[in-house]
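# output the structure for:
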Amino acid sequence: MNLTLKDGKIISIDVRASALDAIKSFPDYFPRNALACKIDGVVSSLDTVLDKDCTFEVLTFADADGRRVYRHTCAHILAQAVRNVYPTVQLAIGHAVENGFYYDFDFRTPITQADFGKIEAEMKSIIKANMPISRIECTRKEAEGRIAKMKQIYKAELLADIPKGEKISFYQQGDFIDLCAGPHLTSTGKIKAFKLTSLTGAYWKGNEKNKMLTRIYGTCFEKKADLDEYIQKLEEAKLRDHNKVGRELGLFMTDENIGQGLPLMMPKGARIIQIMERFVEDEEQKRGYQLTKTPIMTKNNLFIISGHWDHYKDKMFYIGDEDVDDEILCLRPMTCPLQFTIYKNGLKSYRDLPVRYAETAIEFRKEASGEMHGLTRIRQFTLSDGHIICTPAQLESEFKGAVDLIKYLIGVLGLQNDVGYRFSRWDPSNPDKYVGTAEDWNRVETAMQNILSDLGIEHTEAWGEAAFYGPKLDVQGKNVHGKEDTLFTVQIDFSLATRFDMIYIDENGEKARPIIIHRSSIGCYERTLAMLIEKYNGAFPMWLAPEQVRVLSLTDRTADVATNIRNQLFDMGLRAEADVRSEKLGKKIRDAQLEKVPYILVVGDKEAQESVVSVRHRTDGDLGVMTVSDFAKLALLEVATKQIK
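Model (predicted):
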């Protein structure tokens, strides 16, 4: 039997040998630290029997698939340990995630992170025992009997969800058996270093109508040094988390009486968002966008026409009952149907196109409780929403223009090294999720691929992540914890112009359908603010800082002078404040530094007599003495050029 390796070499082994046997038979061909393998492209356990010619690849911790197998196995060790420590627990489900693993449990008595010590101790015992891990395949009837004996209600529900005809398997280590498709490591002793990191609530199957379970997160590595380094980064990330820094700096807050996903932007946070909004609106105007202002609420008729009612209703807030009320009102989750209605107000010629609409729009989406976090995933948000309506011949140039605007804004914000690009495509195996035919999708995705190639944009591809009406270019950013979110997006829409009967008169005097580009130039302002908080740890670039200058009086005698200087700077266009409290200068300086104010000006008796100020920069330190006018020129230049320092 022949195995074709990744480099094209072919080796021969005995029929019915395991993957591990093959690796041991050819030690010069394979790494010693194999965790799993790929057989004809399918990730598999090393105890998998090889019974035909195939492609064969060994996976180690250096491979993403290898890490997933490693961390999935650690999730099972966690489940076994929790069951041993808490025999009455109900096991739900566990998975490997990007930097670790988790498992969901239903505890009879709630636990806290203080209980992690005894769970980790039990996990270490399981690992030390080096229990072999084996796969058990069985019939549905056998699986039902096994789970009934285990008295695990969530496992019974998971079993019922497995489609008929699919293989049903369990994995066993010692006396612990769990319903799982796998694959896993060959023994528990393969896990070398791990740590439980956090505990959260999670609804069963992600549905807030179901019971809230307890989710335990952990991480694991092959080397303790790598684990220690990761844990240190995790602790540093907690210090930069926008949820912590943003609240400490008084940028935003939440209140349980108002509700989840509904942050209150405090004066400083509101000021930053206002600065970004004005900057984006001015830049859009320079690039030919027309401003619209549309209602935050509309009849659901618009979303029935657009298809959102069929494909997106579960994510929408609406008032009324379809079976009872004549009129259903929706809080808009996007502006597209509203801007399309504006487009239709008057017949357009090809000479009128492209039409570019932009709006700083308050929008609403019904996020599940377990999905919301800080400013990154909320129920009411502010979006730089916009749509370009153009002829097919204009599609390429308009798409490039939308991308150019996004790249410009990314650069101004200093995020160019913190984002990546993702081509979000449709899932041809699940066409019911989308509008249009396979031919429509293939045509538009090919066009978009050609545009991305022409722009030289390096990108990943994500099948199944497209909008229901067309493919997207998503600009992805990661928060300090490594979770990826979409920041900005450009989408090609080949469907909604037909649904809304949008037309223009072409060069031949005939009616024609335009192409629509959906785009968000700076994304959700709240989410972008969250990323900026974490990027700069609250020390925003001068042009974005809610307070740019703080003038400190050295003594009570110079309080009026400090206040007067503040007023001068304010009149010159700088966001300045004065601290004239009867406090020691050291405390005033520390307070300004803790609040990340870019410039501190000190006014003592000498400075007051000479009509100068002592200037200190947040990062550059002492800049010496200068006149108020000279300082203002320096500061205003930094603002105008949007320097980042």
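# what's the closest non-adjacent residue to Arg575?
Spatial nearest neighbour of Arg575, excluding adjacent residues (Cβ to Cβ, 6 or more residues apart in numbering): Gln548 at 4.6 Å. Where you see a C-beta, it was placed from the backbone N, CA and C, and this is true even at glycine.
# hang on, I meant Leu302
Per Cβ to Cβ, 6+ apart, closest to Leu302 is Pro337, 4.0 Å.
# list the residues that contact that neighbour.
298, 302-303, 305-306, 308, 496, 500 (Cβ atoms under 8 Å, 6 or more residues apart in numbering).
# mind running it again at 7 Å?
The contact partners of Pro337, taken as Cβ atoms under 7 Å, 6 or more residues apart in numbering, are 302-303, 305-306.
# in terms of helices and strands, where is the spatially most central residue of the chain?
Against the mean C-alpha coordinate of the chain, by Cα atoms, centre = their mean, the closest residue is Asp485 at 1.7 Å. Assigned by DSSP states H and E, Asp485 belongs to strand 484-493.
# what packs against whichever helix or strand comes after that strand?
Downstream of strand 484-493, the first helix or strand assigned by DSSP H and E is helix 496-499. Helix 496-499 sits against helix 301-306, with contacts defined as 3 or more Cβ pairs under 7 Å, 6 or more residues apart in numbering; DSSP states H and E.
# can you list the buried residues in the helix it packs on?
Within helix 301-306, the residues that count as buried by 16 or more other Cβ atoms under 10 Å are 302-303, 305-306.
# domain assignment for the protein?
2-60, 65-240, 264-536, 549-640 (automatic domain parsing).
# quick one, which of these is nearest to Met253?
Taking Cβ to Cβ, domain 264-536 is the member of the domains of the chain nearest to Met253, at 5.0 Å.
# would you map the strands across the stretch 101-250 of the chain?
Along the stretch 101-250 of the chain, counting by DSSP state E, counting those that start in this stretch, strands occupy 133-138, 168-173, 176-179, 193-203, 212-221.
# Glu359 against Thr294, yeah?
Yes - Glu359 lies in contact with Thr294 (Cβ atoms under 7 Å); the separation is 6.4 Å.
# what do those two both touch?
Thr335.
# just want to know which of the two has more residues nearby.
For Glu359 and Thr294, the more surrounded residue by other Cβ atoms under 10 Å is Glu359, and the numbers stand at 23 against 16.
# just say helix, strand or coil for the more buried one.
Glu359 falls in the strand class when you classify it by DSSP: H, G, I helix; E, B strand; the rest coil.
# residue contacts, the residue nearest to it when sequence neighbours are not counted?
Excluding the flanking residues, the one nearest Glu359 by Cβ to Cβ, 6+ apart is Thr292, at 4.7 Å. Contact analysis of Thr292 by Cβ under 7 Å, 6+ apart lists 339, 342, 357, 359.
# and for Gly538, the neighbour number?
20.
# measure it to Ala143 for me?
Per Cβ to Cβ, to the nearest Å, Gly538 is found 53 Å from Ala143.
# same for the helix of greatest length in the chain, what does it pack against?
Secondary structure of the chain per DSSP state H: the longest helix is helix 64-85. With contacts defined as 3+ Cβ pairs under 7 Å, 6+ apart, helix 64-85 has these neighbours: strand 36-39, strand 54-59, strand 90-97, strand 100-106, helix 116-128, strand 168-173, strand 176-179, strand 212-221.
# ok, and what's touching it?
In contact with helix 64-85 (Cβ under 7 Å, 6+ apart) are residues 35-36, 43, 59-61, 89, 91, 94-96, 100-103, 105, 118-119, 122-123, 126-127, 133, 171, 173, 176, 178, 183-185, 188, 191, 194, 216, 218, 220.
# which parts of the helix or strand bottoming out on mean pLDDT in the chain are buried?
Lowest on mean pLDDT, DSSP states H and E among the helices and strands of the chain sits helix 308-311, with a mean of 85. By neighbour count with 16+ other Cβ under 10 Å, helix 308-311 contains the buried residues 308-309, 311.
# so what's Val603 bridging to?
Ser553 (DSSP bridges).
# wait, I meant Thr360
The partner residues for Thr360, given DSSP bridges, come to Ser384.
# which residues touch it?
Contacts of Thr360 by Cβ under 7 Å, 6+ apart are 277, 281, 382, 384.
# now the end-to-end length of stretch 615-622.
With Cα to Cα, to the nearest Å as the measure, stretch 615-622 spans 6 Å from end to end.
# contacting residues around that stretch?
Contacts for stretch 615-622 (Cβ under 7 Å, 6+ apart): 539, 596-601, 623-624, 626, 631, 645.
# check the offset of that stretch from the chain's centre.
How far stretch 615-622 lies from its chain's middle: 35 Å, per Cα atoms, centre = their mean, to the nearest Å.
# picking up where we left off before, adding distance to Asn430, mean neighbour count and mean pLDDT, write the helices and strands packed on helix 64-85 out as TSV.
Converted to TSV, the helices and strands packed on helix 64-85 look like this (distance: least, Cβ to Cβ, whole Å; neighbours: other Cβ atoms under 10 Å; pLDDT from 0 to 100):
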stretch	distance to Asn430	mean neighbour count	mean pLDDT
strand 36-39	25	24	94
strand 54-59	27	20	93
strand 90-97	21	20	96
strand 100-106	26	23	97
helix 116-128	38	16	98
strand 168-173	23	19	96
strand 176-179	25	20	96
strand 212-221	27	22	96
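# how about the ones you listed in CSV, adding distance to Glu458?
Formatted as CSV, those follow (distance: least, Cβ to Cβ, whole Å):
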stretch, distance to Glu458
strand 36-39, 25
strand 54-59, 25
strand 90-97, 25
strand 100-106, 27
helix 116-128, 40
strand 168-173, 38
strand 176-179, 40
strand 212-221, 28
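# phi, psi of Ala462?
phi -130, psi 100 (degrees, to the nearest 10).
# for the residue lying farthest from the centre of the chain, pull up the helix or strand it's in.
Most distant residue from the mean C-alpha position of the chain: Gln609, 54.1 Å away (Cα atoms, centre = their mean). Using DSSP H and E, Gln609 sits within helix 605-610.
# just the CA atoms of that helix, as PDB, please.
What follows is helix 605-610, C-alpha atoms only, in PDB (Å, rounded to 0.1, in the frame of the first residue of the first chain):
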ATOM      1  CA  ASP A 605       5.400  82.600  39.200                       C
ATOM      2  CA  LYS A 606       8.400  82.800  36.900                       C
ATOM      3  CA  GLU A 607       6.500  81.600  33.800                       C
ATOM      4  CA  ALA A 608       3.700  84.000  34.600                       C
ATOM      5  CA  GLN A 609       6.000  86.900  34.800                       C
ATOM      6  CA  GLU A 610       7.800  86.000  31.500                       C
END
